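K.L.:
take a look and give me a structure for this.
(one chain, ligands or ions: 1)
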Amino acid sequence: MKFEVVTLFPEMFDSPFAGSIIGKAVAKGLVQITAHPLRDWAEGRHQVTDDTPYGGGDGMVMKPEPLCRAIQSLKQQHPRARVLMMSPQGQRFTQQRAAQLAEEESLIFLCGRYEGFDERVRSYVDEEYSIGDFVLTGGELPAMVIIDAVARLVPGVLGSQGSAEADSFSDGLLEHPHYTRPAEFEGRKVPEVLLSGDHARIAAWRRSQQLLRTLQRRPDLLEHVSLTEQDRVELEQHRQMLRQ
Ligand SMILES: NC(=O)c1ccc(NCc2cccc(O)c2)nc1
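P.N.:
Next comes the predicted model:
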């Protein structure tokens, strides 16, 4: 899978993925991440990429021409690429969106700085994403976050490091608690069910813990999850227990 990033700070993309699982995936050729300096498409001696806002006001706005030249140039190399814009005005990025994007062959990311993009850039954009309700100095970190979330879903990337299916959110619920050695730490023991070797009982306990944890921390997620009859029974028991 190819990730093409248009940014004023291409050097930001040199190290974040080095050494990590994503870095190994790049080395294996499963994933390709290329940062393109927006200035390459800015004209004039000063290669201007931003300008003052019409209508006045503080800050600077990213000019449409350099960005649109960049998109057209990259779309010639990757005709089927989806063009993604990173901005606080975008739709909320979720695990489901990550799974959808992981189906693509290549993605083009537009990373804005300053006060944002000239509105006319949006006619070249397929989807606009926000990674949360906060404003950063640029779209580069959001692009890295999305690249990480999508790249790890590319077949072969996670390998034995864990399965994407068992992720939080992949079944719409939060993850169950995790334990590893030692069996007792600071007087706190690992739940005995996990030492029982009874895989059916362990799976049931884990699902019940996912439901409890989601009910306690993110009840909003429960509206979008498909629940079995047993899930509903468990949830009701958890609700009663929490009410006491
Ligand atoms: N929540 C996010 O995904 C996010 C994305 C970008 C960003 N900064 C650059 C920018 C880009 C566009 C408009 C704008 O106002 C600021 N900050 C936060």
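K.L.:
please count neighbours and contacts with C-alpha atoms only from this point.
P.N.:
OK.
K.L.:
which element follows the helix or strand of the chain with the lowest mean pLDDT toward the C-terminus?
P.N.:
Across the helices and strands of the chain, mean pLDDT, DSSP states H and E gives its lowest value to helix 21-27, namely a mean of 93. Remark: after helix 21-27, the chain's next helix or strand is strand 32-37, criterion DSSP states H and E.
K.L.:
tell me the gap between the least confident helix or strand of the chain and the middle of its chain.
P.N.:
17 Å (CA atoms, centre = their mean, to the nearest Å).
K.L.:
same deal with stretch 70-82?
P.N.:
Worked out by CA atoms, centre = their mean, stretch 70-82 lies 22 Å from the chain centre.
K.L.:
one more: stretch 95-105?
P.N.:
10 Å.
K.L.:
do stretch 99-109 as well
P.N.:
11 Å.
K.L.:
hey, where'd the strands end up in this protein?
P.N.:
Along the chain, counting by DSSP state E, strands occupy 2-7, 32-37, 50-51, 61-62, 82-92, 106-111, 127-130, 184-185, 188-189.
K.L.:
would CSV of the ones you listed with mean pLDDT, mean neighbour count and distance to residue 14 be doable?
P.N.:
Converted to CSV, those look like this (pLDDT from 0 to 100; neighbours: other CA atoms under 10 Å; distance: least, CA to CA, whole Å):
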stretch, mean pLDDT, mean neighbour count, distance to residue 14
strand 2-7, 98, 23, 12
strand 32-37, 98, 18, 8
strand 50-51, 96, 17, 24
strand 61-62, 97, 21, 23
strand 82-92, 97, 20, 19
strand 106-111, 98, 25, 15
strand 127-130, 98, 19, 23
strand 184-185, 98, 10, 39
strand 188-189, 98, 10, 42
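K.L.:
how about those in TSV, adding distance to residue 217?
P.N.:
Output for these, formatted as TSV (distance: least, CA to CA, whole Å):
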stretch	distance to residue 217
strand 2-7	33
strand 32-37	35
strand 50-51	42
strand 61-62	39
strand 82-92	19
strand 106-111	32
strand 127-130	22
strand 184-185	25
strand 188-189	23
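K.L.:
any chance of those in a markdown table, with distance to the ligand too?
P.N.:
Below are these laid out as a markdown table (distance: least, CA to the nearest ligand atom, whole Å):
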| stretch | distance to the ligand |
| --- | --- |
| strand 2-7 | 11 |
| strand 32-37 | 16 |
| strand 50-51 | 12 |
| strand 61-62 | 9 |
| strand 82-92 | 4 |
| strand 106-111 | 7 |
| strand 127-130 | 3 |
| strand 184-185 | 38 |
| strand 188-189 | 39 |
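K.L.:
what's the closest of those to residue 15?
P.N.:
Closest approach to residue 15 among the strands of the chain is made by strand 32-37 (11.3 Å; CA to CA).
K.L.:
residue 59: how many residues sit nearby?
P.N.:
12 (other CA atoms under 10 Å).
K.L.:
does residue 221 touch residue 214 like I think?
P.N.:
Yes: in this structure, residue 221 is within contact of residue 214 by CA atoms under 8 Å, at 7.1 Å.
K.L.:
list the residues that contact both of those two?
P.N.:
residue 173 (CA atoms under 8 Å, 6 or more residues apart in numbering).
K.L.:
that older thread, CA atoms only for the least confident helix or strand of the chain, dumped as PDB, please.
P.N.:
Provided in PDB are the C-alpha atoms of helix 21-27 (Å, rounded to 0.1, in the frame of the first residue of the first chain):
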ATOM      1  CA  ILE A  21       6.100  -2.500  13.100                       C
ATOM      2  CA  ILE A  22       5.300   0.100  10.400                       C
ATOM      3  CA  GLY A  23       9.000   0.600   9.800                       C
ATOM      4  CA  LYS A  24       9.500  -3.100   9.300                       C
ATOM      5  CA  ALA A  25       6.500  -3.200   6.900                       C
ATOM      6  CA  VAL A  26       8.200  -0.500   4.900                       C
ATOM      7  CA  ALA A  27      11.400  -2.500   4.900                       C
END
